[in-house]
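# The sequence isn't on hand, but the structure is:
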């Protein structure tokens, strides 16, 4: 591993019907990450079109742009700023299935791989198909693997990434939370699960989360963070706000 700057884009949750508002925020955060000279940028779980997609055909909903158009826009940002980008997207398959995936774009803006969420959580099972492989991506400065939200609850997934050569695990997440007020939103995944995954594998972890409410019921914790191999959170965002959390 060589020194580099990572940027975790903390994104306000939006309902499927507000996909265009969501997209504008995504592109703005990606600009900010580029202006901060990030080398690797990550977006939360199902950043587009939404996490609660309601069916296996979210791209058919009014106001939702096509998957190919979204990938083109994201690739353009990666190429414009010369960074690696890992974007959490709902991905439509040719057979009609849908996956909850992390798509990797290289600094030329090309798609160079993906990871599909393996451990599906709650309503995930209603429309997503699980993944089965644990790829690691090589860059000039770090080898990284991807897991998505509830994947972090299964020690074997992070361990598989470590065994496959990961020095860094990027966590694209939508941490469902609870708390008596906004500033106290709590999630065990931020508090101790992901720090333990970092410590037991001796890897860095970078988590990009959503914040706010989706579908008038799902409350996200924010608190995007960077965790060192000792399990210590060395940078953490608050529970609210569109934020680009950077760390070298």
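That came in fine, so what should we check first? Please read these numbers as outputs of a predicted model, since none were measured by experiment.
# Just want the most central residue of the protein.
residue 172 (2.2 Å; CA atoms, centre = their mean).
# can you list the weak-confidence ranges in the chain?
182 (pLDDT under 70).
# For burial, what's the neighbour tally of the residue lying closest to the residue nearest to the centre of the chain once chain neighbours are set aside?
Nearest residue to residue 172 in three dimensions, chain neighbours excluded: residue 88, at 3.8 Å (CB to CB, 6 or more residues apart in numbering). All C-beta atoms are positioned from the backbone trio N, CA, C, and that covers glycine. Residue 88 has 31 neighbours, counted by other CB atoms under 10 Å.
# Test my guess that the residue nearest to the centre of the chain contacts residue 89.
No: counting by CB atoms under 8 Å, residue 172 sits too far from residue 89 to count as a contact (9.3 Å).
# how about the helices in this protein?
Using DSSP state H, the helices of the chain run over 19-35, 67-81, 124-127, 155-163, 188, 194-201.
# In a markdown table, list the ones you listed along with distance to residue 42 and mean neighbour count.
Formatted as a markdown table, the helices of the chain follow (distance: least, CB to CB, whole Å; neighbours: other CB atoms under 10 Å):
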| stretch | distance to residue 42 | mean neighbour count |
| --- | --- | --- |
| helix 19-35 | 9 | 18 |
| helix 67-81 | 12 | 17 |
| helix 124-127 | 20 | 16 |
| helix 155-163 | 15 | 19 |
| helix 188 | 21 | 12 |
| helix 194-201 | 14 | 20 |
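# Is it possible to get CSV of the ones you listed that adds distance to residue 233?
Conversion of these to CSV gives the following (distance: least, CB to CB, whole Å):
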stretch, distance to residue 233
helix 19-35, 20
helix 67-81, 26
helix 124-127, 26
helix 155-163, 16
helix 188, 14
helix 194-201, 7
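# Can you say which of those is nearest to residue 133?
Closest approach to residue 133 among the helices of the chain (CB to CB): helix 155-163, 9.1 Å.
# what's that closest one packed up against?
Applying 3 or more CB pairs under 8 Å, 6 or more residues apart in numbering; DSSP states H and E, one finds that helix 155-163 contacts strand 143-148, strand 168-172, helix 194-201.
# can you rerun that using 6 Å?
helix 194-201 (3 or more CB pairs under 6 Å, 6 or more residues apart in numbering; DSSP states H and E).
# just the angle between the helix it packs on and strand 168-172, please?
Between helix 194-201 and strand 168-172, the angle comes out at 160 degrees (axes from the mean of the first three to the mean of the last three CA atoms, to 10 degrees).
# Might you calculate how far helix 194-201 sits from the centre of the chain?
Helix 194-201 sits 18 Å away from the centroid of its parent chain (CA atoms, centre = their mean, to the nearest Å).
# Can you pull out the residues in contact with that helix?
For helix 194-201, contacts defined as CB atoms under 6 Å, 6 or more residues apart in numbering pick out 152, 158, 162, 205, 227, 229, 231.
# how much space between the residue nearest to residue 172 and residue 207?
When distance is defined by CB to CB, to the nearest Å, residue 88 is 11 Å away from residue 207.
# and what of residue 101?
17 Å.
# which of those two has more neighbours?
More neighbours surround residue 207 than the other of residue 101 and residue 207, with 29 against 23 (other CB under 10 Å).
# ok, back up a step: contacts only, for the residue nearest to residue 172.
By CB under 6 Å, 6+ apart, the neighbours of residue 88 are 43, 44, 45, 46, 47, 102, 172.
# what pairs with it across the strands?
For residue 88, the beta-bridge partners under DSSP bridges are residue 102.
# Run the chain-centre distance for stretch 90-101.
Its chain's C-alpha centre and that of stretch 90-101 lie 17 Å apart, by CA atoms, centre = their mean.
# buried residues in it?
90, 91, 92, 98, 99, 100, 101 (16 or more other CB atoms under 10 Å).
# And these, which two are furthest apart?
Every pair of these checked by CB to CB; the farthest is 92 and 100, at 11.6 Å.
# tally of neighbours for residue 148?
Neighbours of residue 148 (other CB under 10 Å): 28.
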